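Colleague: Sequence first, predicted model second:
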Amino acid sequence: MGLQEKDQSSIALEVLTNPSLKRLINESVEAYHKGEYASTADLLKSLKRLYPDEK
């Protein structure tokens, strides 16, 4: 298994075990399909709300 496959597996596991992250990902996918895009800065702000103690 390559590094990218491990990363995808760990992301998938995190999404399955973290309801907030799963909701964020689902909302992002829905917005993408509607043609609504968030900047990288917006995404990082969203992630900081989920994980406020992470640096």
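Modeller: Right, received. Where do you want to start?
Colleague: for whichever strand or helix holds A12, what is the average pLDDT?
Modeller: A12 belongs to helix 3-17 when assigned by DSSP states H and E. Throughout helix 3-17, pLDDT has a mean value of 77.
Colleague: Let me know the secondary structure of the residue most central in space within the chain.
Modeller: For the chain, I25 is the residue whose C-alpha lies nearest the centre (Cα atoms, centre = their mean; 4.8 Å). Following DSSP: H, G, I helix; E, B strand; the rest coil, we place I25 in the helix state.
Colleague: which residues touch it?
Modeller: Counting by Cβ atoms under 8 Å, 6 or more residues apart in numbering, I25 touches V15. Quick note: C-beta positions are derived from backbone N, CA and C, even for glycine.
Colleague: What's the separation between it and A12?
Modeller: 10 Å (Cβ to Cβ, to the nearest Å).
Colleague: secondary structure class for E54?
Modeller: coil.
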